[in-house]
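*Asks:* Got a predicted structure here, sequence first:
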Amino acid sequence: MVIFDCDGVLVDSERLSHQVLVEMLNERGVALSFDEAVELFIGASIAAGMVKVRDMLGGEVPDGFLPEMGRRTRDAFRAGLTVVPGIEQLLDTLQQPFCVASNGNHAKVNFTLGHTGLLPRFAGRIFTADDVPHPKPAPDLFLHAARTMGAEPRRTTVVEDTPTGITAAKAAGMRAIGFAAMTPAARLQAAGADAVVHTLAEVQALLAAEVWGFKAGGAP
């Protein structure tokens, strides 16, 4: 099986959501650049992200901060969210079973996949941080997805764009392809990625290659 992260792998949402967060923190007196926000927040669950926001804002997240961030992020998505280039071709040619496992929640994943037209491809195969006690970097989410899909972890490959996701995949005993879109390749390698690529065409080639231990289509 192949497990895809959502944000940054299926949909190009990381840039938009981080820009909203930067704007909201700047409005509240926190001087944080976009690159600094990516370094701190990319791959984090909503709960983990709010802990970091709380610390930046002096120990308390203002009432309404999270709902406002949700509204502004959805507005940004409606205005400019697109699929990651190459994902539709990859899914069209993929012979292995696949699903999505995200540190976001079901509402966010359903919205972003629905907005970009990818939702029908993943119907019934969407797993999020809502489903497990411990999100990535814990292995729980990936193991839950594999168990539900009837896949062995050792025969599962994860496509992730963050060190958090790579760490979770390796802890779950899965192969991990690091997609270096916004995260530097060196950080993905340091987290334990088995391969690091810069395009989804490269991901497509790896998933079909003998080097991953299976023939195309997952046959031994």
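*Replies:* In hand now; what should we look at?
*Asks:* I177 looks like it's in a strand, true?
*Replies:* Yes - according to DSSP: H, G, I helix; E, B strand; the rest coil, the state of I177 is that of a strand.
*Asks:* who's in contact with it?
*Replies:* Residues in contact with I177, defined by Cβ atoms under 8 Å, 6 or more residues apart in numbering, are 157-160, 193-197, 203, 206-207. For glycine as for every other residue, the C-beta is placed from the backbone atoms N, C-alpha and C.
*Asks:* now V84
*Replies:* Residues in contact with V84, defined by Cβ under 8 Å, 6+ apart, are 8-12, 181, 200.
*Asks:* quick check, nearest of the residues you listed to L57?
*Replies:* L57 has its nearest neighbour among those in G8, at 25.5 Å by Cβ to Cβ.
*Asks:* hang on, that closest one packs against D161?
*Replies:* Yes - in this structure, G8 sits in contact with D161. The criterion is Cβ atoms under 8 Å, and the distance is 4.0 Å.
*Asks:* what is the mean pLDDT for stretch 196-209?
*Replies:* For stretch 196-209, mean pLDDT is 94.
*Asks:* Check the offset of it from the chain's centre.
*Replies:* From the chain centre to the centre of stretch 196-209 is a distance of 16 Å (Cα atoms, centre = their mean, to the nearest Å).
*Asks:* Show me what counts as buried in that stretch.
*Replies:* For stretch 196-209, a neighbour-count test (16 or more other Cβ atoms under 10 Å) marks 196-197, 200, 202-204, 206-208 as buried.
*Asks:* give me phi/psi at I126?
*Replies:* Taking degrees, to the nearest 10, you get phi -120, psi 120 for the backbone angles of I126.
*Asks:* Just the buried residues of the contacts of V84.
*Replies:* 8-12, 181, 200.
*Asks:* okay if I get the residues you listed as a markdown table plus distance to D92?
*Replies:* Formatted as a markdown table, the entries for the buried ones among the contacts of V84 read as follows, by distance: Cβ to Cβ, whole Å:
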| residue | distance to D92 |
| --- | --- |
| G8 | 20 |
| V9 | 16 |
| L10 | 14 |
| V11 | 17 |
| D12 | 18 |
| A181 | 20 |
| L200 | 12 |
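*Asks:* domains of this protein?
*Replies:* Using automatic domain parsing, the domain ranges for the chain come out as 2-12+82-212, 14-80.
*Asks:* Out of the contacts of I177, which sit inside helices?
*Replies:* When DSSP state H defines the helices, the subset of these inside them is 203, 206-207.
*Asks:* got any ranges where the chain has weak pLDDT?
*Replies:* Counting by pLDDT under 70, the chain contains low-confidence residues at 210-220.
*Asks:* hey, where'd the strands end up in it?
*Replies:* Taking DSSP state E as the criterion, the chain carries its strands at 2-4, 98-102, 126-128, 157-160, 175-179, 195-197.
*Asks:* Any chance of TSV for the ones you listed, columns distance to S33?
*Replies:* Compiled in TSV, the strands of the chain are given as follows (distance: least, Cβ to Cβ, whole Å):
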stretch	distance to S33
strand 2-4	29
strand 98-102	25
strand 126-128	29
strand 157-160	24
strand 175-179	23
strand 195-197	24
